[in-house]
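Chemist: Fold the following.
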Amino acid sequence: MQFRNFAENLLGSKVKVKLLKYLISEGAITSEREISRIIGASSGAVNRTLKEFSDLNLIRSTRIGNVTAWQLNEKSYAYSYITNFFNKLKSREEPISELGRDISKALADTSGIKKAILFGSVAEGRELPESDIDLFILIENEKSRGGIQSAIGALNELCLQKYGNILSLYVLTPNEVKEQKKFYDKILLNGIRVTDNENAASG
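Modeler: As a prediction, the model looks like this:
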């Protein structure tokens, strides 16, 4: 999904509002043609809106014979946003903030992690709907690599279900960071720090 200007992309037209009302009230798997007939909108407008909702991970497509049908993704961030609309709108918070909290929470009880930093297109606000969520993790030593796999697996599943994006991991030890200093410095400069046990311990 796309993380920036989320509310505008989700609710930016009358067709979107009509389509949202229908999807939420019915909850059924429905074809594009049937949706167009029910909400009284042109097939072109419905097609564009469904594509935009799919880019936001609000809906998922499925094939029924030769027909593409659509259904709400109730595990998505977008669905949560709609059901908590007024609180979300009042906070003016973009989904990137919730993503950071999700990552921090998922890694909170995992030993061996010194830092976790979002970087790349999602962190810098230039992502496409299918962009990976780039996450840098600094671990204490090579032995820590195996210990974080369970938490990473659960986090990747969460990112796919809630945001529709694959988690792309870059896990390095302090020794490896020394060998890739330019890469690490760029992450520190442009990234979003979500976990920092290193500074917490030293403070």
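Chemist: ok, the nearest residue to E198 once chain neighbours are set aside - contacts?
Modeler: Using Cβ to Cβ, 6 or more residues apart in numbering and skipping residues adjacent in sequence, the residue nearest E198 is K114, 4.3 Å away. Placement of C-beta: from N, CA and C, glycine included. Counting by Cβ atoms under 8 Å, 6 or more residues apart in numbering, K114 makes contact with L138, I139, E140, P174, D196, N197, E198.
Chemist: Any idea how many residues pack against the nearest residue to the fourth one once chain neighbours are set aside?
Modeler: If I follow you right, that is P174. Among residues not flanking P174 along the chain, L138 sits closest, at 7.0 Å (Cβ to Cβ, 6+ apart). Neighbour count for L138, taken as other Cβ atoms under 10 Å: 24.
Chemist: cool, and N5?
Modeler: Per other Cβ under 10 Å, the neighbour tally for N5 reads 11.
Chemist: related to what we said a few turns ago, just read off the phi/psi values of the residue nearest to P174.
Modeler: Phi and psi for L138, reported as degrees, to the nearest 10, are phi -100, psi 120.
Chemist: What ranges does this structure have for its helices?
Modeler: Shown for the chain, the helices assigned by DSSP state H span residues 6-11, 14-26, 32-39, 43-55, 77-83, 85-91, 95-107, 120-124, 144-147, 149-162, 174-179, 181-190, 197-202.
Chemist: before we move on, the earlier item: how far away is the residue nearest to E198 from V171?
Modeler: Here the distance between K114 and V171 works out to 11 Å (Cβ to Cβ, to the nearest Å).
Chemist: who touches both of those two?
Modeler: With Cβ under 8 Å, 6+ apart as the test, K114 and V171 both reach I139.
Chemist: contacting residues for the most centrally placed residue in the chain?
Modeler: Of all residues in the chain, the one closest to the mean position by Cα atoms, centre = their mean is Y163, 2.9 Å from it. With contact set as Cβ under 8 Å, 6+ apart, Y163 has these partners: M1, F3, N57, S76, Y77, P95, L99, I133.
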